[in-house]
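**Student:** no sequence for this one, just the structure:
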């Protein structure tokens, strides 16, 4: 999520392939710079959860560079975040899976042309990892395993560049957690291909990434916040929620998730205060967050 998003944004070198040459080189350089500026503005709007503006920018990027998987990737992250942090519904799961398909296809096409493009490898590792988590959340463990294995193959490519890479640790951590969370009656499928992993291994890898000085550390913190909450380890989840909301104060999803975790942990006054802040932010792109916050406030008050 943020991990892969920031990784891609900061490591990507936007390339527009054209037939221009000679005196038109400067024009192509300007086009490349403008496209990179679009990407930067789109990602900034995304992190501020200003998704209408972000979506407009990404749609423009699709038009200007149809073969670029990046705008498709970021567009797919919107329903993915909603699914992960607000409400796990079948509609959101399907929206993410559908929107991520062109990102996967275009990434495969790009990797065929540029086999050593680590940014594309990272994107595919993340996309398949996220697809596996969503499939597991919908109890479709066969697809979860298939996507997880495919994603782990791309993670292995990253590992070949150095096992201590934080972005590789995130991919590995997600995969280990997914394998560890599969019900026992389904473990035969992973055992057949010699894949091992457990929840604690997943947490260890993600924590090492979160503690790094890398640009992906925030991604790891976000994943840890979610997974610790899922495992009902609320004290640990709050620790990471505090860091994220401090860094991204306008992000209503992080604030809403923090409120939820405090409520589950029994910190009702803090939960009430945070739900009120979400309502006050009144994000028009995420009305469900405001509705749910109002609903929880009426119950808690």
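**Tutor:** That came through fine. Source: prediction; values computed, not measured.
**Student:** so where is this protein shaky, pLDDT-wise?
**Tutor:** Low-confidence segments of the chain (pLDDT under 70): 1-26, 155, 158-163, 182-197, 215.
**Student:** 50 instead, please
**Tutor:** Scanning the chain for pLDDT under 50 picks out 2-3, 6, 9-23, 25, 187-194.
**Student:** can you list the domains in it?
**Tutor:** Here the domain parsing of the chain from automatic domain parsing is 2-231, 249-301.
**Student:** out of the ones you listed, which comes closest to residue 240?
**Tutor:** domain 2-231 (3.9 Å; C-beta to C-beta). In short, each C-beta sits where N, CA and C put it, glycine included.
**Student:** Report the distance from the closest one to the chain centre.
**Tutor:** Remark: domain 2-231 is offset 6 Å from the chain centroid, using C-alpha atoms, centre = their mean, to the nearest Å.
**Student:** For stretch 269-289, list every residue counted as buried.
**Tutor:** For stretch 269-289, burial by neighbour count (16 or more other C-beta atoms under 10 Å) applies to 270-272, 274-275, 277-279, 281, 283, 286, 289.
**Student:** For residue 166, list the residues it contacts.
**Tutor:** Applying C-beta atoms under 8 Å, 6 or more residues apart in numbering, we find residue 166 in contact with 208-209, 212, 214, 216-217, 220.
**Student:** Serialize those to JSON lines and add fields for secondary structure.
**Tutor:** Formatted as JSON lines, the contacts of residue 166 follow (DSSP: H, G, I helix; E, B strand; the rest coil):
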{"residue": "208", "secondary structure": "helix"}
{"residue": "209", "secondary structure": "helix"}
{"residue": "212", "secondary structure": "coil"}
{"residue": "214", "secondary structure": "coil"}
{"residue": "216", "secondary structure": "coil"}
{"residue": "217", "secondary structure": "helix"}
{"residue": "220", "secondary structure": "helix"}
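**Student:** Farthest-apart pair in the residues you listed, please.
**Tutor:** 208 and 216 (11.2 Å).
**Student:** Specify which member of the contacts of residue 166 is nearest to residue 66.
**Tutor:** For those, the nearest to residue 66 is residue 216 (28.0 Å; C-beta to C-beta).
**Student:** is it true that residue 179 touches residue 198?
**Tutor:** Yes - in this structure residue 179 lies within contact range of residue 198 using C-beta atoms under 8 Å: 7.3 Å.
**Student:** The two: which is more packed in?
**Tutor:** A count of neighbours by other C-beta atoms under 10 Å puts residue 179 above the other of residue 179 and residue 198, at 25 against 13.
**Student:** Now name the helix or strand holding the more buried one.
**Tutor:** Element membership of residue 179, judged by DSSP states H and E, is helix 166-181.
**Student:** ends of stretch 264-271, how far apart?
**Tutor:** End-to-end distance of stretch 264-271: 9 Å, with C-alpha to C-alpha, to the nearest Å as the criterion.
**Student:** hang on, the earlier thing: which one of residue 208 and residue 216 has more residues nearby?
**Tutor:** Neighbour totals were compared for residue 208 and residue 216, and residue 216 leads with 26 against 17 (other C-beta under 10 Å).
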